[in-house]
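[1] coords please:
(3 chains)
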Amino acid sequence: MPEPILKIRGLKTYFFLDEGMVKAVDGVDLDIRKGEILGLVGETGSGKSVTALSIIRLIQSPPGKIVEGKVIFEGEDLLKKSREEMRKIRGAKISMIFQDPHTSLDPVFTIGSQIAEPIELHQVEEQHLMRAEDVPKKVVEMLKLVRTPDAEHRVGEYPHQFSGGMKQRAMIAMMISCNPSLLIADEPTTALDVTIQAQILDLMRDLRRKLNTSVLLITHNLGVVAEMCDRVAVMYAGNIVEQAEIKTLFKSPKHPYTKALLAAVPKVGSKKRKLETIPGMVPSLITPPPGCKFHPRCPYVMDICKKKFPQMIEIGKGNSVRCYLYNKGARGAA
Amino acid sequence: MIIPLFLVASVLLFSLLWIMPGDPAQIMAGSRASQEQVAKIRHAIKLDRPPYVVYFEWLGGVFHGDFGQSWTIQPGASVSSLILDRLPLTLELGITALLLAIAIGVPLGIIAALRRGTKVDYACMGVALFGVSIPSFWLAMMAVLIFGVWIGWTPALGGGLGPQYLILPAVVLGALMSGSISRLTRSSMLDVLNQDYIRTARAKGLRERSVIYKHALKNAFIPISTMLFMRLPFLFGGSIIIETIFQWPGMGNLMISAIKRQDFLVIQATALMFVVLVMIANLLADVSYAYLNPRIRYGERK
Amino acid sequence: MSVIGKVKRVGSSISGYLRRLGRSPTWTYLKRDRRAWVGIALIIIIVGMALFASFIAPHGINDSVGPTLAPPGQFLFGTDQQGRDVFSRVIYGSRDSLQVALLLLLVETSVGITLGLVAGFYGGWVDELVMRAVDVMLSFPGLVLAAAFVGFFGPGLRNLIIALSLTGWAPFARITRAQTLMAKEEVYVESARAIGEKDRTIIFRYILPNSASPLIVMATMTIPAAILLTASMSFLGLGVQPPSPAWGMMLFEAMPVFRAAWWTAVFPGIAIMVSVLGFNFLGDALRDAMDPRLRVRSGGGGG
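    Predicted coordinates for the structure are as follows:
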């Protein structure tokens, strides 16, 4: 198994609000391997985006703070790096694209100039991999790479002149222009039409193939996961509760939450009349339930679940779960 | 927008002469004037004819720059010549003050926005709040006291032309304006800094300097410049008081003199000129917004 | 319904409103904002001056108590060119200045709120007309128009109020109209109409209370402007007339002599500044407390 390019260990990111301390990410372990597309799934509020922002250290502080953990990238802990070092990594070695392309592009600069910015900064200035004169050509190249029609002319246009899908593609062009090893995509297609969605996902698969970029794909849409990901991690209330290869996850989900998520997706041709839901409510991140955070909603809940927070256990090839149903050893001890 | 403004203002100002208490002709002629003299004036200002007709004649005159003549301030002189003498001076004062206000207010607002919530922020906004709360005439009087009387710098006492007489009034007016400008700048910057594209800029690994002075500032500048133009009329309002205290011979000064000496045509004309200035300021605001905002300048998407 | 019944109804809706306000996040933020407390303290000082003027001020506003003297000495703020005690005049001046400002506010809100309600509720050409007027009046410097008006109609309290409210009603109309438009869509308005309640009742019982919060903020922020404008007009000799000890008037009278007698100008001006500051502090704090964007964001979009 090749060494992962990103290893997260025990990441905790809290937000210190008037109402209390919000434990958005409460002890997350995650590995991303070279060239793989890892899906990070969960409901709104599960901590997916915060995890992503923590990796590149874009957490707004105050009120947020990465209180604990290690984020090992290329052998070094990102959390220990200086702000300047981190800045050089952003956009160059690790990039992130965001959910809403309509608000994520600066309206007063041309698309071309915005794509050129990271190239000029990282490749020309910092790494001396390119000359300044070659940048405009590279910008057009990138736009073409993401399948923008009429790229030579589009370079000089402003974001409002692009459609939603084109904007997102421009974002992708912007963020992969410096050939990062890791691309984090936070709900990249949620704000777009279904047809455009397919285009974007297709593009991302293509890019992964061509450039061998690893992708951390954050989404709440299991359909997208099924199409794109090699492996999946499921998040609930700030913790990863299950990790598996894609086929394993869909064929035999282990964690009760994963099972419920899959059951909630309506299937074409199914004879069921009612939509399945998960009973109960998403727990408070300020005062989460004791023991396993899912226990109030879990149909298989046992005594120990209410008392002790379960650890992550490996139960098969690349499959791990955080649940006492599979932790036979720990169940006896209270 | 500009047209209704002009219509409403012109009708209002015109009708003031007709609905005011007392007889304008009599007042302007003076208490010792004969009946003939009063009648002559009444005829000259067309008070003896139906107002609706006179309004259009008056409007026509206005477009030709003819506002009639002064009766009490400088009897016989054409009002437009009086105004033309004074207008440049008011503009000089106003623009100098505005530039000063921008030079002080905008940086102050930016610093406060960047250091939001810190002591620096509170200090800047505290100063700004004071600026907005000081009565303009009082600040002017204090300036005269400090610089004119205590320090003994004569131009501070006002009464002349030339750059040394311009400094203090411009500084006072500018200082007053800078308070509101810094508050506006700060809130505009804060709005912009909260936007998603700023997060994108940081995610690209851009230097914080670029994020702020390139992306944030350029975006914040659009509402700021629009607001600056919209505030211009209030600057002219403030200049009325400043001109009076420093005896700066501008249009505001003229208007107050006209009010005191009951030279009604002059009052109408100066007020109308202020309306025109407001119209121009509004127009400039719209133009600057259209020019700076790519959405308007380059039209919507294909 | 009897008068007692109507009074009871108004009273309970006011206390209901206050109770809801006390529990709202606005109040929590407001309580902690030091500006609010500083503002309230200053306002209490000024209002106290106005209410207890006859007890605090040692002399009358027109009593000539001595030659023109500088402070401190026998008279705390000195005496003016007519020998009157500046301190007493400043104290009594709070009454005049506040009264004028509040009167102006009253007229502006009455006209503005009424027009806003009508425009928002009935829509159509009425709305268009009112909104055009609002736009025009908002971009016009009030002082200029007021000065022109007084130039023709003469000075004095009544004309001052009329002159300044010519432009001052606009912000209230705009806010009220916006609130009315929103409130119109509410379910309880629909049901009230279905029951056949009169327009007038709907407007005053359902729609108006909803607009209360932003209007209160606007009013708090307009009082400083009202104080400054009325003082400016008086300073130009176009407002209240002597012997009123209104602060603007005091500064007008100080004009010929202040270069030699600084105390005639310094103290009234400070008084104006303190009152304006007080309302500005409070107004700022109120506005920030009600602004949801200023609530601290909870994490990166919560995902």
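[2] Return the distance of whichever residue of the stretch 201-303 of chain C sits closest to chain B relative to residue A:109.
    Taking Cβ to the nearest Cβ, chain B has its nearest neighbour within the stretch 201-303 of chain C at residue C:269, 3.3 Å off. Where you see a C-beta, it was placed from the backbone N, CA and C, and this is true even at glycine. Distance from residue C:269 to residue A:109, counting by Cβ to Cβ, to the nearest Å: 48 Å.
[3] likewise residue A:174?
    Note on residue A:174: its distance to residue A:109, by Cβ to Cβ, is 11 Å.
[4] Report how many residues lie close to residue A:313.
    17 (other Cβ atoms under 10 Å in any protein chain shown).
[5] List the residues that contact it.
    Residue A:313 is in contact with A:320-323, A:326-327, counting by Cβ atoms under 8 Å, 6 or more residues apart in numbering or on different chains.
[6] same check, this time on residue B:242
    Here residue B:242 is in contact with B:93, B:136, B:140, B:169, B:172-173, B:248, B:252 (Cβ under 8 Å, 6+ apart).
[7] likewise residue A:110?
    With contact set as Cβ under 8 Å, 6+ apart, residue A:110 has these partners: A:155-158.
[8] contacts with chain B among those, please.
    Of the residues in these, proximity to chain B by Cβ under 8 Å from any Cβ of the partner chain holds for A:157-158.
[9] top of the contacts of residue A:110 by neighbour count?
    residue A:158 (23 neighbours).
[10] Now do the strands in the stretch 1-150 of chain A.
    Secondary structure of the stretch 1-150 of chain A (DSSP state E, counting those that start in this stretch): strands at A:6-17, A:20-32, A:37-41, A:64-73, A:76-77, A:94-97.
[11] Distance of the residue in the stretch 1-150 of chain C that chain B sits nearest to relative to residue B:188?
    At 3.3 Å from chain B, residue C:141 is the closest residue in the stretch 1-150 of chain C, using Cβ to the nearest Cβ. Distance, residue C:141 to residue B:188, by Cβ to Cβ: 22 Å.
[12] Contacts only, for residue 275.
    Here I'm looking at chain A. Residue A:275 touches A:264, A:266, counting by Cβ under 8 Å, 6+ apart.
[13] Let me rephrase: I mean chain B.
    Here residue B:275 is in contact with B:5-6, B:9-10, B:13, C:140 (Cβ under 8 Å, 6+ apart).
[14] The residues you listed in strands, which ones?
    Among the contacts of residue B:275, no member falls in strands (DSSP state E).
[15] can you list the residues you listed in TSV and add neighbour count, pLDDT and distance to chain A?
    Shown next, in TSV, are the contacts of residue B:275 (neighbours: other Cβ atoms under 10 Å in any protein chain shown; pLDDT from 0 to 100; distance: Cβ to the nearest Cβ, whole Å):
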residue	neighbour count	pLDDT	distance to chain A
B:5	20	77	30
B:6	18	82	33
B:9	22	81	35
B:10	18	84	38
B:13	23	84	41
C:140	22	80	31
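[16] Chain B: which of the contacts of residue A:110 is nearest?
    residue A:158 (4.3 Å).
[17] Count the residues that sit near the closest residue in space to the closest one that isn't next to it in sequence.
    Spatial nearest neighbour of residue A:158, chain neighbours left out: residue B:294 (4.3 Å); criterion: Cβ to Cβ, 6 or more residues apart in numbering or on different chains. By the criterion of other Cβ under 10 Å, residue B:294 has 18 neighbours.
[18] Based on its surroundings, how many neighbours for residue C:106?
    For residue C:106, using other Cβ under 10 Å, the count is 14.
[19] pLDDT (mean, whole number) over the helix or strand where it lies?
    Assigned by DSSP states H and E, residue C:106 belongs to helix C:86-122. Mean pLDDT, computed over helix C:86-122, is 89.
[20] which strands and helices sit next to that helix?
    helix C:34-51, helix C:53-56, helix C:124-138, helix C:157-168, helix C:170-184, helix C:208-235, helix C:247-254, helix C:263-290 (3 or more Cβ pairs under 8 Å, 6 or more residues apart in numbering or on different chains; DSSP states H and E).
[21] go again using 6 Å as the cut-off
    helix C:34-51, helix C:53-56, helix C:124-138, helix C:157-168, helix C:170-184, helix C:208-235, helix C:263-290 (3 or more Cβ pairs under 6 Å, 6 or more residues apart in numbering or on different chains; DSSP states H and E).
[22] now the angle from the fifth one to helix C:86-122?
    Using axes from the mean of the first three to the mean of the last three Cα atoms, to 10 degrees, one finds that helix C:170-184 and helix C:86-122 are set 40 degrees apart in direction.
[23] and if you look at the first one?
    Helix C:34-51 and helix C:86-122 are oriented at 120 degrees to each other (the same axes, to 10 degrees).
[24] how about helix C:34-51: buried residues?
    By 16 or more other Cβ atoms under 10 Å in any protein chain shown, the buried positions in helix C:34-51 come out as C:35-36, C:39, C:42-43, C:46, C:49-50.
[25] okay if I get those residues as a markdown table plus distance to residue A:128?
    Listed next are the buried residues of helix C:34-51 as a markdown table, based on distance: Cβ to Cβ, whole Å:
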| residue | distance to residue A:128 |
| --- | --- |
| C:35 | 52 |
| C:36 | 56 |
| C:39 | 57 |
| C:42 | 61 |
| C:43 | 63 |
| C:46 | 67 |
| C:49 | 71 |
| C:50 | 73 |
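[26] what about chain C, any weak spots by pLDDT?
    C:1, C:13, C:17, C:20-25, C:66-69, C:71, C:292-303 (pLDDT under 70).
[27] which ones are touching the most centrally placed residue in it?
    With distances taken as Cα atoms, centre = their mean, residue C:223 lies nearest the centre of chain C, 2.4 Å away. The contact partners of residue C:223, taken as Cβ atoms under 6 Å, 6 or more residues apart in numbering or on different chains, are residue C:279.
[28] Quick one: mean pLDDT for the one helix or strand residue B:110 maps to?
    Element membership of residue B:110, judged by DSSP H and E, is helix B:79-114. The pLDDT scores in helix B:79-114 average 89.
[29] what comes into contact with whichever helix or strand comes after it?
    With elements assigned by DSSP H and E, the helix or strand that comes after helix B:79-114 is helix B:119-133. If you take Cβ under 6 Å, 6+ apart as the criterion, helix B:119-133 is touched by B:108, B:111-112, B:115, B:179-180, B:182-183, C:273, C:276-277, C:280.
[30] Go ahead and produce CSV holding the CA coordinates of helix B:119-133.
    Extracted in CSV, the C-alpha atoms of helix B:119-133 (Å, rounded to 0.1, in the frame of the first residue of the first chain):
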residue,chain,number,x,y,z
LYS,B,119,-8.5,48.5,20.8
VAL,B,120,-7.3,50.0,17.5
ASP,B,121,-10.8,49.5,16.1
TYR,B,122,-12.5,51.1,19.1
ALA,B,123,-10.1,54.0,19.1
CYS,B,124,-10.6,54.7,15.4
MET,B,125,-14.4,54.4,15.7
GLY,B,126,-14.3,56.5,18.8
VAL,B,127,-12.6,59.3,17.0
ALA,B,128,-15.1,58.9,14.1
LEU,B,129,-18.0,59.1,16.5
PHE,B,130,-16.7,62.3,18.0
GLY,B,131,-16.3,63.7,14.5
VAL,B,132,-19.9,63.0,13.8
SER,B,133,-21.1,64.5,17.0
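[31] and whatever helix or strand comes next after it, how far out from the chain's middle?
    Tracing the chain past helix B:119-133, the next element assigned as helix or strand by DSSP H and E is helix B:136-143. Its chain's C-alpha centre and that of helix B:136-143 lie 18 Å apart, by Cα atoms, centre = their mean, to the nearest Å.
[32] got it, and stretch B:178-193?
    20 Å.
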